[in-house]
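Undergrad: what's the 3D shape of this:
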Amino acid sequence: MSKITNVRLPNAVSQQYDPQQFNQLVRSLEQIVLQLNSTYTPVFSENTQGALSWFESRGESEMNGYPFSATSLDAFGRLRTSQPYTVFDSQNRYQPDSQYDTALTGSGSTSYLLDQSSLNLNVGTASGDKVIRQTFRNFPYQPGKSLLVLATSVMNAGKANLRQRVGYFNTDNGVFFQQSGTTLSFVLRTSSSGVPSDARTVNQASWNGDKLDGTGPSGLTFDVTKSQILFLDFEWLGVGSVRAGFVINGIFIVCHTFNNANDIDKVYMTTAILPLRYEIENTGVTASSSALKQICSSVISEGGYDQKSSQIWARRTSALTGVGTSFVPVVSARLKATRTGAIVLPAALSFLPTSSNDLFEVALVKNATLSGAAFTSLSANIESDTTATTMSGGTIVYSDLLASTNQAKVPINVDVSYNFALQLGISLAGTRDIYTLAMRLITGTGDGLGSLSFFDITDPVQGNPIIYAFPGTAGLTLAGVAPTVTVA
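TA: Okay, here's the model as predicted:
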């Protein structure tokens, strides 16, 4: 401690207090300060440089299990902070979250727990029983920003031939927590060599952080049968690190870090654009039935999310005529079969009545059944259709009403910006989402045409060459040619 100086304290001046008692308190404080100073001994053994060295090296792995070191400051000495941007969240209040698809094998089943806002993934005892819950959507990753994944669950007690997994993964790539039999592990799955591999499976005894076996910095022992908050954070960039662990008592406890930079000669997995997934499977006959409880999950971009992408338009170039009071498809779009990992969102819709004195309803419909559709390539990741003649079913995600008159045809032009809840997805069976711009008349018949645009975050500048951007210029190709922008 430092020696206390200038310790003379003021006497009472306010009539709100008893001056005699107040002055007695002040004199008592002065005596305490006197006693502290009389026993003060300067500390000559302080090793400032040594403390700094510890902070820069060992401190990163020893402070509450979560890094906060000198590298938490930028080049100008400012603390690096991040602003979380939620790109996905899931909870099971009132019913199982429909943002997840379900695949059942054998006697696998699910049961909803209303009072727990949870869903049990159940398997019997037969070999091959399996339940998968996976999001329809893959989640966007922006290079240079940490991607934080949180998933809560309660696993069944370990037993022979039972395997349970929770994490951010699919059949090809990802990172997940696994209990196989009674063995706990973190797994980094990769297809970077052309085929999926789980070779980087690290069992609890080999975790390079807190093993949660009672011997680590936290002193905690992990109980898989209790509710757990799994966290994973990625600095993908192809070759960054992945930290894996659990949030316990409000503290992020790093159990294992997959380090890759300066260690491997290729990306550690093909992509960080992946779904969330819960999985339970009998790899052989088990002694009793089992259940994995799915609770909540979230995917967060730490550092905000830059919404920058050009729009890709699917257009109908000639008007639909004689449309009646039932919805008919104007234009539709979906992901290409070979690009189901792309992040594509509806961006805007435009509609123009071409008949007079009519009342129209225009809607954006998800997953209607189309008759006569013939999808053709629209961009690298999207295909569109304008040939379908009828539609049925589907879910209306946007609707508007408008009127045309003899004097004017009133257009509707709606920009929905980035809305990840509307992202094009794919089911576990491979069925792709379809968005359809649809029109109908309130009464009678009428004519109209429209267009539907999308943001392709996976390929934000569709069709443009690589450019060097300079202040005051529109950019140049590598060959030195200035790109041309035409407004038609």
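
Undergrad: can you pull up the bridge partners for residue 105?
TA: residue 130 (DSSP bridges).

Undergrad: from memory it sits against residue 129, does it?
TA: Yes - contact criterion C-beta atoms under 8 Å: residue 105 and residue 129 qualify, at 6.5 Å. C-beta: built from backbone N, CA, C; applies to glycine.

Undergrad: residues shared between the contacts of these two?
TA: Counting by C-beta atoms under 8 Å, 6 or more residues apart in numbering, the common neighbours of residue 105 and residue 129 are residue 281.

Undergrad: Which of the two has more residues huddled nearby?
TA: Neighbour comparison, residue 105 and residue 129: the larger count goes to residue 129, with 24 against 14 (by other C-beta atoms under 10 Å).

Undergrad: so what pLDDT did that one get?
TA: We have a pLDDT of 98 for residue 129.

Undergrad: Likewise for residue 350?
TA: pLDDT at residue 350 comes out at 88.

Undergrad: show me where the stretch 151-300 of the chain has helices.
TA: In the stretch 151-300 of the chain, no helices are defined using DSSP state H, counting those that start in this stretch.

Undergrad: quick one: the strands in it?
TA: Along the stretch 151-300 of the chain, counting by DSSP state E, counting those that start in this stretch, strands occupy 162-169, 174-180, 183-190, 197-203, 228-234, 242-248, 251-258, 276-282, 290-302.

Undergrad: Find the helix or strand that the closest residue to residue 301 other than its chain neighbours is a member of.
TA: Residue nearest to residue 301 in three dimensions, not counting chain neighbours: residue 85, with 4.5 Å by C-beta to C-beta, 6 or more residues apart in numbering. Assigned by DSSP states H and E, residue 85 belongs to strand 84-90.

Undergrad: That strand: partners in the sheet, and parallel or antiparallel?
TA: strand 290-302 (antiparallel).

Undergrad: now the angle from the strand holding residue 85 to strand 276-282?
TA: Counting by axes from the mean of the first three to the mean of the last three C-alpha atoms, to 10 degrees, strand 84-90 lies at 40 degrees to strand 276-282.

Undergrad: which other residues reach strand 84-90?
TA: Contacts for strand 84-90 (C-beta under 8 Å, 6+ apart): 97, 99-100, 135, 137, 139-140, 148, 276, 296-305, 420.

Undergrad: switch the cut-off to 7 Å
TA: Strand 84-90 is contacted from outside by 97, 99-100, 137, 139-140, 296-302, 304-305, 420, using C-beta atoms under 7 Å, 6 or more residues apart in numbering.

Undergrad: Whichever of the residues you listed end up buried, select them in PyMOL.
TA: In PyMOL, a selection of the buried entries from those looks like this (16 or more other C-beta atoms under 10 Å):
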select buried, resi 97+99+100+137+139+140+296+297+298+299+300+301+302+305+420
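
Undergrad: biggest helix in this protein by residues?
TA: helix 19-38 (DSSP state H).

Undergrad: List the residue ranges of this structure that fall below the pLDDT cut-off.
TA: Residue ranges of the chain with pLDDT under 70: 1-17, 37-78, 80, 406-417, 460-488.

Undergrad: Where do the domain boundaries of it fall?
TA: 82-302, 311-477 (automatic domain parsing).

Undergrad: Kindly reformat the ones you listed as TSV containing distance to residue 34.
TA: Formatted as TSV, those follow (distance: least, C-beta to C-beta, whole Å):
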stretch	distance to residue 34
domain 82-302	41
domain 311-477	65
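
Undergrad: Those: which one's closest to residue 24?
TA: domain 82-302 (43.1 Å; C-beta to C-beta).

Undergrad: centre of the chain versus that closest one, how much separation?
TA: 14 Å (C-alpha atoms, centre = their mean, to the nearest Å).
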